[in-house]
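K.L.:
Sequence first, then the predicted structure, then my questions.
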Amino acid sequence: MQKAMKRMVVVAVLLALLVAVPALAQPARSRGDYKQFELNTDGRAWIVDGVMQMRVVQGGRMKVSGLGWIDVNPEDEVEVHISDEAPGKAHIWIGSDGWLDWRKVSVESIYINGVLVAENTQIEKANFKVDVSSIHSTVEIRVLRSPSGWTQFTFNGTTIINGNDDSEIRVVGVRPTTSTPLNIDLSSSEYAIGAAATAYINGAEVPELGSPLSLVGLALAASLLAVVGRAVKARDRVVEGL
């Protein structure tokens, strides 16, 4: 009986290690490790705020309230501090190929090659092409707790929320990638799809989900340890009765 229990303990420990070691070996999330997200709500309040820096690869123009048209040339470094909200009128699109199409986006500031060209204004329209891989973004989408409403939020392929909800949602480091376009539409809906560094629900970071194999291993290890524990207690009762 003792040999059988020892074997079960060994198996349980090995299964626990099977679960723990891969988790410990996971590398820290790097700056380039972006997750796809989709966020859609009905009647909820959003704040979209943060800085997006981009390098232009094909020139175009942007029309800025109070200034008119501004030319944007290849190799220009454009930095925009977005400060908008929903309900609103903003439409922000950057394709996975880098084509940018912005309309009625409220901003705190616009810099081109380090020079301030506008502040506390609105980009009425902008069209040019940027290098997606060069984008640096601190842009954050925040859905406020009030008012509540229907909410659908998917992050890294997992549906986090689907139904009426009043959670505060923060999607951080919003941007496109070469495989995922960025689309934030506050003009006719409250909708966004793109990539992000991470996300938070009521202040808690959305966790990386374990694989099904890890979950099965954890369950088996827990079950075996429980069996061993019961067997040890039964043996102790037999010994006490002798």
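P.N.:
That came through fine. As the structure is a computational prediction, the values presented were derived from the model and not from experiment.

K.L.:
need the helix or strand of this protein with the lowest average pLDDT.
P.N.:
helix 2-25 (a mean of 45; mean pLDDT, DSSP states H and E).

K.L.:
ok, residue 190 to residue 74 distance?
P.N.:
To residue 74, residue 190 is 35 Å away according to CB to CB, to the nearest Å. Every C-beta, even on glycine, is put in place using the N, C-alpha and C of the backbone.

K.L.:
The two: who's more crowded?
P.N.:
residue 190 (22 against 12; other CB atoms under 10 Å).

K.L.:
partner residues bridging the more buried one?
P.N.:
residue 41 (DSSP bridges).

K.L.:
Can you list the buried residues in stretch 198-208?
P.N.:
198, 199, 200, 201, 206 (16 or more other CB atoms under 10 Å).

K.L.:
Need the CA coordinates for it. PDB is fine.
P.N.:
Below are the C-alpha coordinates for stretch 198-208, written out as PDB (Å, rounded to 0.1, in the frame of the first residue of the first chain):
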ATOM      1  CA  THR A 198      -3.200  44.900 -22.600                       C
ATOM      2  CA  ALA A 199      -6.600  45.500 -21.100                       C
ATOM      3  CA  TYR A 200      -8.200  46.000 -17.700                       C
ATOM      4  CA  ILE A 201     -11.700  45.200 -16.300                       C
ATOM      5  CA  ASN A 202     -12.500  47.300 -13.200                       C
ATOM      6  CA  GLY A 203      -8.800  47.800 -12.600                       C
ATOM      7  CA  ALA A 204      -7.800  44.100 -12.900                       C
ATOM      8  CA  GLU A 205      -5.600  43.100 -15.900                       C
ATOM      9  CA  VAL A 206      -7.200  40.700 -18.300                       C
ATOM     10  CA  PRO A 207      -5.200  37.500 -17.600                       C
ATOM     11  CA  GLU A 208      -3.400  35.300 -20.200                       C
END
